[in-house]
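Colleague: just to be clear, the model below is a prediction. Sequence and coordinates:
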Amino acid sequence: MEARYLPIGIQDFEDLRRRGCIYVDKTSFVFKLVTEGKPYFLSRPRRFGKSLLLSTLEAYFLGKKELFSGLAIEKLEKDWTQYPVLKISFGRGSYETKEKLLSVVDSILCEYESCFHLEKHSDNPAVRLANLIKAANEQSGKQVVILIDEYDKPILDALYTEFEEVNRQELRNFYSPLKDLDAYIKFLFITGITKVSHVNIFSGLNQLNDISLNKDFSSLCGISESELEEYFEPEIEALAKEQEMTVAEAKEKLALMYDGYHFTHNVEGVYNPFCLLKCFMEKDFGSYWFESGTPSFLVKTLEKQPLALSSIINGRKAKEDQFKNYDPESNNMLPVIYQSGYLTIKDFNKERRVYTLDFPNREIEEGFLNVLLKKFVKVPDDDMGLAVDNIYDALEKNNVDKVLSIIKAAIADLPTVVKKDMCENYYESVTHLIFRLTGFSVVSELQSVAGRSDVIVTTKDSVFIFELKMDKGRKFDEVAEEALSQIDANGYAERFAVSGKAMFKVGVVFSSEGKGMVGWKY
């Protein structure tokens, strides 16, 4: 059998093609983009192939026809023309300060000034970029192609610091020529993780066509189910053999772990390409996305609003404008969480124009919940994993006392990131998160304002209905009995009456003073 090479970590299209790596053909999308429009914006999570897409566009506009042999665009494109290309990537370096940003910008401009034999006549990056665009146009006699990768990294690296706004201002200045020099530009494509609204970072470049939620380009990045079947049959068979599964079982597990991203409603889901390729290489179902590093801005977001995320871990309904654009002055973290890839579109109500957002797959759910718990539980990582395993075993054995003893130990004290007046929300959130990590079905109706939250955990043989309450200076027995009575009064158990499963009703009482779990009764 002919050797097959997986392009793990290869973001350069020419390198990928010359190495003979497997390439999931996205060139029909490329042709559609370049023939139907001019200025585009696309947001996608990290490790989704944005850089490879820009490299493919670069090779196309440089007229490298030989690299596209056998691909869809070979038959579509009749007139291969070479254009000058300015490819600007902020993937290099980190940008916690203004000086670091300006240093990278200077390095990028110096490289292109050397290419076009330009002297540096100004220290203003915008002036230098404008001069570059004009020079490239004059020297080639053709309009210029501009590709900008990870445009938002300088903002995300400085998120919630004094340099966030400073870096935004510097980028706004740098990009300012793009609108005024529109006549010089053949094609403009900008990618990033987030779409920053508030103050337009592109200095009034309002004509940008944002295709992030466009149905026609929903699988522009990522690997669809049909592409998985078409391109990776040998890899799926090898994975199944290694894991002692049938091919059908392997496909089912792949979908559970890495599929499920929907970048608009009513479209075929896509797999995270990095995770899929790593899985094929290792022949194992690992958590590869999180192993490659948790974005620092996610941790910063959690620190800024440590418990607001409890409202999104059970399926969050939202209007498009609530998750499409990140506004630095807003307390709404949903755009950052959605655009980072931790949530995706699961459903859409056409009449009300309301989306349901949830975790795309099991890998992301486990990783995200682990990130949350590391922030909010004072238990070492290795011990927390053991604790979750023990809770799983205790639930299977219907051992309510052991389940709650483990949780009580995990949340004995209020973490420093949580204020005393937030302890009610903290206990509800962390209890829910721990149960979610077991992998059992967990349903919550978090009602932190009213002081009530019922958590329902369903295993193969049993249903556990937990009613969580704060003591608020009252005696334990009184509060615990009230919790149990509420389970009955609100009919929480009725929906499971016909299941035939063993049913456990549990009243759990927490300290309003932030001293952890007081006790439980069932």
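Modeller: On my side now, so go ahead. Residues are numbered from 1 along each chain as shown.

Colleague: so where's this structure uncertain?
Modeller: Counting by pLDDT under 70, the chain has low-confidence residues at 1-2, 197-200, 202-206, 293-295, 297, 302-314, 328, 378-383, 416-417, 445-453.

Colleague: now with 80?
Modeller: When residues are selected by pLDDT under 80, those of the chain lie in 1-3, 160, 196-207, 290-315, 325-333, 370-386, 413-425, 444-454.

Colleague: any idea which residue sits dead centre in it?
Modeller: residue 341 (1.4 Å; Cα atoms, centre = their mean).

Colleague: next, count neighbours for the residue nearest to that residue when sequence neighbours are not counted.
Modeller: Using Cβ to Cβ, 6 or more residues apart in numbering and skipping the chain neighbours, the partner closest in space to residue 341 is residue 45 (2.7 Å). To be clear about C-beta, it is placed using only N, CA and C from the backbone, and glycine gets the same treatment. By other Cβ atoms under 10 Å, the residues close to residue 45 number 23.

Colleague: what of residue 14?
Modeller: Based on other Cβ under 10 Å, the number of other residues close to residue 14 is 15.

Colleague: please apply the same query to residue 259.
Modeller: Counted with other Cβ under 10 Å, the neighbours of residue 259 add up to 26.

Colleague: who are the neighbours in contact with it?
Modeller: By Cβ atoms under 8 Å, 6 or more residues apart in numbering, residue 259 lies in contact with 225, 269-271, 360-361.

Colleague: residue 147: which of those residues is nearest?
Modeller: The nearest member of the contacts of residue 259 to residue 147, counting by Cβ to Cβ, is residue 270 at 22.1 Å.

Colleague: now the closest one. Nearest residue, chain neighbours left out?
Modeller: residue 222 (3.3 Å).

Colleague: checking the spatially closest residue to residue 472 that is not a sequence neighbour next. Helix, strand or coil?
Modeller: In this structure, residue 472 finds its nearest non-sequential neighbour in residue 512, 4.8 Å apart by Cβ to Cβ, 6+ apart. Three-state assignment for residue 512 (DSSP: H, G, I helix; E, B strand; the rest coil): coil.

Colleague: and for the one 3 residues further on?
Modeller: With three-state DSSP as the basis, residue 515 sits in coil.

Colleague: before we move on, which element is residue 87 in?
Modeller: strand 85-89 (DSSP states H and E).

Colleague: show the buried residues in the contacts of residue 259.
Modeller: Among those, those classed as buried by 16 or more other Cβ atoms under 10 Å are 225, 269-271, 360-361.

Colleague: re earlier: just after the strand holding residue 87, pick out the following helix or strand.
Modeller: Next helix or strand after strand 85-89 toward the C-terminus (DSSP H and E): helix 98-115.

Colleague: what are the boundaries of the strands in the stretch 51-200 of the chain?
Modeller: Applying DSSP state E, counting those that start in this stretch to the stretch 51-200 of the chain gives strands spanning 85-89, 144-149, 185-192.

Colleague: before we move on, back to that, got the contact list for the residue nearest to the centre of the chain?
Modeller: Contacts of residue 341 by Cβ under 8 Å, 6+ apart are 44-46, 48, 261, 272, 289, 360, 364.

Colleague: mind checking the SS state of it?
Modeller: Here residue 341 is recorded as coil under three-state DSSP.

Colleague: and residue 503, that one's in a strand?
Modeller: Yes: counting by three-state DSSP, residue 503 is found in a strand.

Colleague: next, count neighbours for the closest residue in space to residue 98 that isn't next to it in sequence.
Modeller: Excluding the flanking residues, the one nearest residue 98 by Cβ to Cβ, 6+ apart is residue 166, at 4.9 Å. Residue 166 is flanked by 15 other residues according to other Cβ under 10 Å.

Colleague: didn't residue 166 look like it was pressed against residue 155?
Modeller: No: Residue 166 lies out of contact with residue 155 (Cβ atoms under 8 Å); the separation is 10.0 Å.

Colleague: could you pull out the strands in the stretch 401-522 of the chain for me?
Modeller: 441-447, 452-458, 462-470, 502-510, 517-521.

Colleague: now those as JSON lines including distance to residue 317 and mean neighbour count?
Modeller: As requested, these are exported to JSON lines (distance: least, Cβ to Cβ, whole Å; neighbours: other Cβ atoms under 10 Å):
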{"stretch": "strand 441-447", "distance to residue 317": "14", "mean neighbour count": "16"}
{"stretch": "strand 452-458", "distance to residue 317": "18", "mean neighbour count": "21"}
{"stretch": "strand 462-470", "distance to residue 317": "23", "mean neighbour count": "23"}
{"stretch": "strand 502-510", "distance to residue 317": "27", "mean neighbour count": "21"}
{"stretch": "strand 517-521", "distance to residue 317": "31", "mean neighbour count": "18"}
